[in-house]
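> coordinates for the following, if possible.
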Amino acid sequence: MKSIFMASCLLMATMAFAQGFGGQQSSGNMEYSEKFADQNYAGDGKTYHMVDIYLPKETKDSYPVVIHTYGSAWSQNNSKGSADLNTICAAYLKAGYAVATPNHRSASDAIYPAQLHDLKAVARFLRGNAAKYKIDTSFIAMSGFSSGGHLSSLVATTCGLTEGKSGSVTVDLVGDLGEFTSFSSCIDGAVLWSPPTDIYTMNPINNFMGSGTYEGAFIGVEREGNKDKWMVASSPYYASEDDPPVILFHGTSDQIVNKEQSQELYDSLKNHNVVTELVSVQGGTHGGNEMYVDENLNKAVAFLNQAREAKATAAVVTPPDTSAQDTAKTDTVPPGIVYDTLPDALPSLRSLGAVPVTYDVFSLDGTLVSRSSVLNKDALRPGVYYVVTRTAAGRRDVSRFVKK
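This next block holds a predicted model:
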């Protein structure tokens, strides 16, 4: 009798886990033209390093891509097949985005920051295999539900950082997984669904499969007396002016991750002038159907489209005082390397003999702020800008620049 009772409790807990941490998978319909299943992004053959890649039904030469990560309280290493496929992922595919759904190491496989290393390796893998998977690398976004949203928020806020530090604790934020370590792991936008963000301040989630909390298993130690180890896994503390646009969706009745978690990251991003939005879903629960109504899915897609258009506007620039013929020719020149560093080093292009150089400075919404042969950062107001460097030889390089 006791064993039957224990089995029933385990079944109920598992069902609650599926509904709460894993989101809704049953409704909707995901349509795609091609699927690349079980691609190993780390080159080690491990199941927890597999990714599925889906291409939209409309055939094109390449597609912008969204990497969407499942929720599991960091406890599952093979749930890419339950990564909100028929809701969130279906909406991205319908809107013309390729979708990559990766596995990642669970807390039982390795503690933080291993999971962050995994997702950054996915971004590099897609860049390194762009031709094979028809990926338009000019726009790579992250998306995630619950713990997947937490990991996605860290990818978004740690671009350009090699280490995370709090007190005496230092963690590697990049990792060396896979064969594409020379590629950038930075992203161009993020959509976060019911995410933990500051795990040090969130309500703890008791681990029904073991002792302690899910957060403690993820970090490797419980919260009491280990603040610094928990802080380096919290995205609000990494927020900075050069972060990509981020939109957050959180239910007001979330029974697992309190809504203040999204509010905290939103406030931190706003304080750093990052393009961000927080959507409060009235009565929304953790993984409940009310989170994935068309209004919210369409809003997520529109946010990504806006971020993509802003970057594209900066990357494709029409020089002044040119004929229509010259303009057409210029707009067909492939963009140069997209740098994630500050543009202080860009004048070194002159040492290559690529003169003259023109600098076009754009705001994040695509508005041309200035165009000059000299990059005068002192004349800019504080904020985040795209700087397009164009040489007479036709080379065009794009960087994100922060004026403080």
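> contacts, neighbours, all on C-alpha from now
Fine.
> now do the helices in the stretch 1-150 of the chain.
Here the stretch 1-150 of the chain has its helices, by DSSP state H, counting those that start in this stretch, at 2-20, 90-94, 114-128, 130-133, 147-157.
> any buried residues in the fourth one, and which?
Taking 16 or more other CA atoms under 10 Å as the neighbour-count basis, helix 130-133 is seen to contain the buried residues Y133.
> avg pLDDT for it?
Taken as a whole, helix 130-133 has an average pLDDT of 97.
> which strands and helices lie in contact with that helix?
Contacting helix 130-133 under the criterion 3 or more CA pairs under 8 Å, 6 or more residues apart in numbering; DSSP states H and E is no other helix or strand.
> can you list contacts of it?
I53, L126, D136, T137 (CA atoms under 8 Å, 6 or more residues apart in numbering).
> so which of those residues sit within strands?
Those of the contacts of helix 130-133 mapping onto strands are I53, D136, T137, per DSSP state E.
> run through the bridge partners of the residue nearest the centre of the chain.
Nearest residue to the geometric centre of the chain (CA atoms, centre = their mean): M142, 2.6 Å. M142 has these beta-bridge partners by DSSP bridges: I67, A190.
> residues near the closest residue to D254 other than its chain neighbours, how many?
Nearest in space to D254, with sequence neighbours left out and distances taken as CA to CA, 6 or more residues apart in numbering, is T285 at 4.1 Å. When neighbours are counted by other CA atoms under 10 Å, T285 registers 23.
> contact partners for T285?
Going by CA under 8 Å, 6+ apart, T285 touches G251, T252, S253, D254, Q255, M291.
> can you tell me the element the third one falls in?
Meaning S253. Counting by DSSP states H and E, no helix or strand carries S253.
> report the buried residues of stretch 77-94.
Using 16+ other CA under 10 Å as the burial criterion, the residues of stretch 77-94 that qualify are 77-80, 82-94.
> touching that stretch from outside, list them.
By CA under 8 Å, 6+ apart, the surrounding residues in contact with stretch 77-94 are 22-32, 47-48, 51-52, 54-57, 66, 68-71, 98-99, 101-106, 292, 297-298, 301.
> if we can go back for a sec, of all the contacts of T285, which comes closest to V402?
G251 (32.5 Å; CA to CA).
> can I assume that closest one is in contact with G283?
Yes - under the criterion of CA atoms under 8 Å, G251 makes contact with G283 at 6.1 Å.
> okay, and for the stretch 251-400 of the chain, where does confidence drop off?
Applying pLDDT under 70 to the stretch 251-400 of the chain picks out residues 314-356, 364-366, 392-396.
> can you pull out the helices in it?
Assigned by DSSP H, counting those that start in this stretch, the stretch 251-400 of the chain shows helices spanning 260-271, 294-315, 324-331.
> which of the ones you listed sits closest to T201?
Closest to T201 of those, according to CA to CA: helix 260-271, at 8.1 Å.
> between G251 and G283, who's got more neighbours?
G251 (24 against 13).
> who does that one form a beta bridge with?
V281.
> what about the stretch 101-250 of the chain, any weak spots by pLDDT?
Within the stretch 101-250 of the chain, the segments meeting pLDDT under 70 span 208-211.
> which residues in it form strands?
All strands of the stretch 101-250 of the chain, identified by DSSP state E, counting those that start in this stretch, fall at 135-145, 163-166, 169-172, 189-193, 246-251.
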